[in-house]
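1. Return atomic coordinates for the entry below.
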Amino acid sequence: MTTIAVDCMGGDHGPSVTLVACKAFLQNHEEARLILVGLPQSLAAFSHPRATLVEATEVVGMDDPIEVALRRKKDSSMRVAVQQVKNGTAAAAVSAGNTGALMAISRYLLKTVEGIERPAIAAQIPNAKGGATTVLDMGANVDCSAEHLLQFAVLGSALVSVLSGNVAPTVGLLNIGEEAIKGTETIKKAGQLLRAAGDSGDICFYGNVEGNDIFKGTADIVVCDGFVGNVALKTMEGLATMINEILKREFSRNILTKIAALISYPVLMALKQRVDHRRYNGGPLLGLRGLVFKSHGSADAIAFEHALARAYDAARHNLLDRIQTRMARAAPLLTRADIPPSEAKGVDSVFAALQ
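-> The predicted model follows:
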């Protein structure tokens, strides 16, 4: 049995979505167990032979500052769920809650692997080649240094090599143009670090890529800060919503459009399914010494079930151990003397104060 801890209170909808998803997940995965963490009154009605209920007395709000989540709400459902991973009771934790809080709590409890300052959320976005482009960070770190982007490139390379068997996945740096002279000073410096890592054979650096390259599949991995990555993710979600609305509208118009829609229905349904962001919900927080998966805060029951399934598959296939083995090879790159650690600021300063 593989056990997953679930923050049932997190996200925009809380138990009304997470409990429905948990029930469906258990029905579809006979070798899985769940630890459901939440307020007692919210979990009281849930019952399943492969589910254990663990009480928490607090909830991290979607608008709670990181400092509140870390220092004041020490018995939150989010923290208790991650604690199950630290204790070894669960193989992974899943939450749809406050992204910054989840990153900070996970980092505080589980710690990061050597050479990694901040964990990053990785997500797979469908591309025109029939596969998916792995993009990170998708929202855990809004303000990133060039060194962080290098670390994300190494993390992404480790993830993709483990999942696909590709020992040298290509890495693209998201920018406003392909030329090395473009972008902010942080992006330019990140480009220099990534090119140096590519020249030394530590990663396979493709070069700068633009937003449309994510969907083209130009590079296997695209690295960016969490602000840009989250915007890209929400853009994909908007595309899926637009396609769904077009289908509804065309099927409700005159007889000619209904006939045309019926003829093209298989193609339109395939496209709709391909870009349905719910199927890609649930991204791992890479760089931690434990498995934590982040679901979209607005996820419905179908999307949250996919997040649970991703965490389950990752734990069942020993993703963490395999990534850490791959990361060990990159340790010399990440700990080189000429790549200084970034200055503590923002979430780092809050985190440092708790040490």
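2. Next up, phi/psi of the spatially most central residue of the chain, please.
-> Nearest to the geometric centre of the chain sits residue 283, at 2.5 Å (Cα atoms, centre = their mean). Phi and psi for residue 283, reported as degrees, to the nearest 10, are phi -120, psi 140.
3. In contact with it, which residues?
-> 121, 122, 123, 136, 138, 293, 294, 310 (Cβ atoms under 8 Å, 6 or more residues apart in numbering). Glycine gets a C-beta too; all of them are placed from N, C-alpha and C.
4. hmm, try it at 10 Å
-> 120-124, 134-140, 229, 233, 292-296, 307, 310 (Cβ atoms under 10 Å, 6 or more residues apart in numbering).
5. Keep only those of those that are in helices.
-> Under the assignment DSSP state H, the contacts of residue 283 contribute 229, 233, 307, 310 to helices.
6. where do the helices sit along the chain?
-> 15-28, 40-43, 66-67, 77-87, 99-110, 146-164, 185-199, 211-216, 226-251, 255-263, 265-274, 301-316, 319-334, 347-353.
7. Give me the mean pLDDT for the longest one.
-> Read that as helix 226-251. Helix 226-251 shows a mean pLDDT of 78.
8. Make 294 the first number, not 1, from now on.
-> Taking 294 as the first residue, the last one we looked at is helix 519-544.
9. Buried residues in it, which are they?
-> Within helix 519-544, the residues that qualify as buried are 519, 521, 522, 523, 525, 526, 529, 530, 533, 536, 540, 543, counting by 16 or more other Cβ atoms under 10 Å.
10. is it true that the second one touches residue 479?
-> Just to be clear, that refers to residue 521. No: if you go by Cβ atoms under 10 Å, residue 521 and residue 479 don't touch, sitting 11.5 Å apart.
11. shared neighbours of the two, anything?
-> Common neighbours of residue 521 and residue 479 (Cβ under 10 Å, 6+ apart) are residue 437.
12. Distance to residue 298 added to the helices of the chain, as a markdown table?
-> Below are those laid out as a markdown table (distance: least, Cβ to Cβ, whole Å):
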| stretch | distance to residue 298 |
| --- | --- |
| helix 308-321 | 11 |
| helix 333-336 | 13 |
| helix 359-360 | 21 |
| helix 370-380 | 4 |
| helix 392-403 | 12 |
| helix 439-457 | 21 |
| helix 478-492 | 34 |
| helix 504-509 | 31 |
| helix 519-544 | 24 |
| helix 548-556 | 44 |
| helix 558-567 | 30 |
| helix 594-609 | 9 |
| helix 612-627 | 14 |
| helix 640-646 | 22 |
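13. looking at these, which one has the lowest mean pLDDT?
-> helix 640-646 (a mean of 52).
14. ends of stretch 390-409, how far apart?
-> Terminal residues of stretch 390-409 are spaced 23 Å apart (Cα to Cα, to the nearest Å).
15. and it, how far from the chain's centre?
-> Relative to its chain's centre, stretch 390-409 lies at 12 Å (Cα atoms, centre = their mean, to the nearest Å).
16. Check stretch 347-365 too.
-> 20 Å.
17. mind listing what's buried in it?
-> Applying 16+ other Cβ under 10 Å to stretch 347-365 flags 347, 349, 351, 352, 353, 354, 357, 359, 360, 362, 363 as buried.
18. The last one and residue 397 touch, don't they?
-> If I follow you right, that is residue 363. Yes: Residue 363 is within contact range of residue 397, at 5.5 Å (criterion: Cβ under 10 Å).
19. ok so, going back, and the buried residues of helix 519-544 as TSV, adding distance to residue 421?
-> Below are these laid out as TSV (distance: Cβ to Cβ, whole Å):
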residue	distance to residue 421
519	25
521	21
522	19
523	22
525	15
526	18
529	13
530	18
533	16
536	15
540	21
543	24
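20. Closest to residue 294 out of these?
-> residue 526 (32.1 Å; Cβ to Cβ).
21. Quick check: the gap between that closest one and residue 309.
-> 23 Å (Cβ to Cβ, to the nearest Å).
22. ok, now residue 431?
-> Following Cβ to Cβ, the distance that separates residue 431 from residue 309 is 25 Å.
23. So between the two, which is more surrounded?
-> Between residue 431 and residue 309, counted using other Cβ atoms under 10 Å, residue 431 has the larger neighbour count: 24 against 12.
24. show me what contacts that one?
-> Going by Cβ under 10 Å, 6+ apart, residue 431 touches 392, 413-416, 418, 517, 519, 521-527, 576, 587, 589.
25. I'd like to check which residues are in contact with the residue nearest to residue 615 when sequence neighbours are not counted.
-> With Cβ to Cβ, 6 or more residues apart in numbering as the criterion, residue 615 has its nearest non-adjacent residue at 4.5 Å, and that residue is residue 455. The contact partners of residue 455, by Cβ under 10 Å, 6+ apart, come to 607, 610, 611, 612, 613, 614, 615, 616, 618, 619.
26. Weed out the non-buried ones from those.
-> Buried, going by 16+ other Cβ under 10 Å: 607, 612, 613, 615, 616, 619, out of these.
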